[in-house]
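> Take a look and give me a structure for this.
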Amino acid sequence: MAEATEQIVLDFFNYPSVGEEDWGYAYATAYVRSLAINMLTRATLLDMANSVGFEQAVDLLASSEYGLGPGQKTISELEKLLKQRRSEVRGLFADLIINEAVVDVFKSRDDFANMRLALRRKLTDKAIGSDYSDEGSVGAEQFEQIFEEENYEPLPNYMKEALERAVLAYYQNKDVRQIDHAIDGYEAEFKIASAKQLESDFLLEYFRMEIDLTNIRTMLRLKFTEAERRDVFLEGGYVEHERLKHGLDIGYEAIAPLFFATPYHSVVEAGIIYFNSDKSFIELEQHCEDHLTGYLKSTVQITAGPQPLIAYLLMKEHEIRTVRFILTAKKNSLDTRIIIDRLSE
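Okay, here's the model as predicted:
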């Protein structure tokens, strides 16, 4: 995992290359692109955001795969449907990807999420529940049993290593936040190392940008809360930690220029402008998502390969999260302007 700390050279203006074509994916690429045509348009999402309430927003989805039948227009039924749709797209992804190791990398996201939850409960003496994801490499029932019995041997090596790091971090001062920080750091290293092992330029570049954007969000939140910690930035991105730490010491007006030589200048600038006027990071979150989505959409430049399949999976998951956000916001009568500001372009 130490490879993630190597010096990384930024040699592109906005987005890096998506990698080479692989004609073994000719059919799969054409298939997911035909499915992508039916994804929700921004116009539909805006109509949902501007609707007068939860039920009207739900009705706008009636002709889509997110349609709820009569008597099913509740948050619980919505959550059940969205989880089903997410499972379906992940199942399709697993069926179409030739190299199963790629699927395992994405399954690990649920493994790490389950571990965060389990360790928080275990180390803070809270009862272990049954709401773990069942879509990781370790099933929810087995995962729960492992932590109840404290027999961690069945876990994959990367989970055992992350577990050890998180426990050690927690017991330094019994700060529960160190659990998340340790696991987040290990997960970032794991993703970078996995992409290199798979020799996937596309995954490597995506994960590096993901790390950068996470670090930028972390920097601005640390600055807002005036936190003293500076050792919480993830390794493996393009942006140097010294630049991020410098951002903690300067005024908000100087932060965007600090990132002028990086691909994230417009993301930071838009986020700072909105924060200064509304004291919210909503616009920053939206622009971070837009930046990653822009890279995923750039896979259109290749005719065949695993890249369009990965892009479809991630964009479809984003669509599902967006539907959940809008309908939950409508159910809770959140201001329409805030909902619109949070929607990706």
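> Near Tyr295, how many residues? Count them for me, please.
Residues within reach of Tyr295, counting by other Cβ atoms under 10 Å, total 21. For every residue, glycine as well, the C-beta is placed using N, CA and C.
> wait, what's in contact with it?
Tyr15, Pro16, Val18, Glu205, Tyr206, Met209 (Cβ atoms under 8 Å, 6 or more residues apart in numbering).
> In space, what's closest to the fifth one - neighbours in sequence excluded?
Setting aside the residues directly before and after it, Tyr206 is nearest to Tyr295 in space (Cβ to Cβ, 6 or more residues apart in numbering), at 6.3 Å.
> and the one you found, what helix or strand is that in?
helix 282-297 (DSSP states H and E).
> list the buried ones in that helix?
282-289, 291-293, 295-296 (16 or more other Cβ atoms under 10 Å).
> Same question for stretch 80-99.
Buried residues in stretch 80-99 (16+ other Cβ under 10 Å): Leu81, Leu82, Arg85, Arg86, Val89, Arg90, Leu92, Phe93, Ala94, Leu96, Ile97.
> Please tabulate those residues in JSON lines and include secondary structure, distance to Asn38 and pLDDT as additional columns.
Putting those into JSON lines (DSSP: H, G, I helix; E, B strand; the rest coil; distance: Cβ to Cβ, whole Å; pLDDT from 0 to 100) gives the following:
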{"residue": "Leu81", "secondary structure": "helix", "distance to Asn38": "16", "pLDDT": "94"}
{"residue": "Leu82", "secondary structure": "helix", "distance to Asn38": "16", "pLDDT": "95"}
{"residue": "Arg85", "secondary structure": "helix", "distance to Asn38": "12", "pLDDT": "96"}
{"residue": "Arg86", "secondary structure": "helix", "distance to Asn38": "16", "pLDDT": "96"}
{"residue": "Val89", "secondary structure": "helix", "distance to Asn38": "12", "pLDDT": "97"}
{"residue": "Arg90", "secondary structure": "helix", "distance to Asn38": "17", "pLDDT": "97"}
{"residue": "Leu92", "secondary structure": "helix", "distance to Asn38": "13", "pLDDT": "97"}
{"residue": "Phe93", "secondary structure": "helix", "distance to Asn38": "16", "pLDDT": "97"}
{"residue": "Ala94", "secondary structure": "helix", "distance to Asn38": "20", "pLDDT": "97"}
{"residue": "Leu96", "secondary structure": "helix", "distance to Asn38": "17", "pLDDT": "97"}
{"residue": "Ile97", "secondary structure": "coil", "distance to Asn38": "21", "pLDDT": "97"}
